[in-house]
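Chemist: Give the three-dimensional model of this entry:
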Amino acid sequence: MKREPLFRALRCDKLCLVALQATVDLQLNQRTADIPALALLQVSEDALRTRAAAICDELSKTCSGLQIVIGRSTAKAGGGTLPKSTMSSVTIEIVPNCSVVAFAARLRNSTPPLIGYIANDRFKLDLHTIFPRQDDLVIQAISAACRK
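Modeler: Residues are numbered from 1 along each chain as shown. Presented below is the predicted three-dimensional model:
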């Protein structure tokens, strides 16, 4: 570490090793559903589509002027950890009654922030990136953004 000071900044500390140990223990005990990232990857497309339909139904009640549809997408797992691996996913696609860029900015500035992406002049949320327990927060954020 004296020769390479960068190693001091990049070395694993006790907290990192404890987290790694807990993850390995869950893997060895075949409890991968308790690992949040793996739990999201294991959700079926049918389950995602059911959640998307419920979210769209709630939003149609509270947000007039928004065009909301359920779409399909291809997602990649991880930030480059599996570069050739893709999976089909379900998106909620919103065409707002204002600029899609402004709508996305409102959602990013909401509490908590809602991060999606813009494609084909639509704001899209990939449900593989949202836990089911967060669905109500998504509905609240979008409802608040469409009222502004």
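Chemist: drop to CA atoms for contacts and neighbour counts, all remaining ones
Modeler: Will do.
Chemist: distance of the residue nearest in space to the middle of the chain from residue 92?
Modeler: With distances taken as CA atoms, centre = their mean, the chain has residue 129 as the residue nearest its mean C-alpha position (2.1 Å). Applying CA to CA, to the nearest Å, the value for residue 129 to residue 92 is 12 Å.
Chemist: cool, and residue 22?
Modeler: Taking CA to CA, one finds residue 22 at 34 Å from residue 92.
Chemist: coming back round to it: who are the neighbours in contact with the residue nearest to the centre of the chain?
Modeler: Neighbour list for residue 129: residue 40 [criterion: CA atoms under 8 Å, 6 or more residues apart in numbering].
Chemist: Give the residue spans of this protein that score low on pLDDT.
Modeler: In the predicted model of the chain, residues 1-2, 78-81 satisfy pLDDT under 70.
Chemist: which other helices and strands contact the longest helix that it contains?
Modeler: Counting residues, the longest helix in the chain under DSSP state H turns out to be helix 45-62. Applying 3 or more CA pairs under 8 Å, 6 or more residues apart in numbering; DSSP states H and E, we find helix 45-62 packed against strand 67-76, strand 86-95, helix 135-147.
Chemist: Of those, give the one that comes closest to residue 122.
Modeler: Between residue 122 and the helices and strands packed on helix 45-62, the tightest spacing by CA to CA is seen for strand 86-95, at 5.1 Å.
Chemist: If we go by neighbour counts, what in the closest one is buried?
Modeler: Across strand 86-95, burial judged by 16 or more other CA atoms under 10 Å covers 89, 90, 91, 92, 93, 94, 95.
Chemist: so which of the residues you listed comes closest to residue 33?
Modeler: For the buried residues of strand 86-95, the nearest to residue 33 is residue 89 (18.4 Å; CA to CA).
Chemist: What separation do you get for the closest one and residue 42?
Modeler: 11 Å.
Chemist: Include distance to residue 112 when you put the helices and strands packed on helix 45-62 into CSV, please.
Modeler: Converted to CSV, those look like this (distance: least, CA to CA, whole Å):
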stretch, distance to residue 112
strand 67-76, 21
strand 86-95, 18
helix 135-147, 8
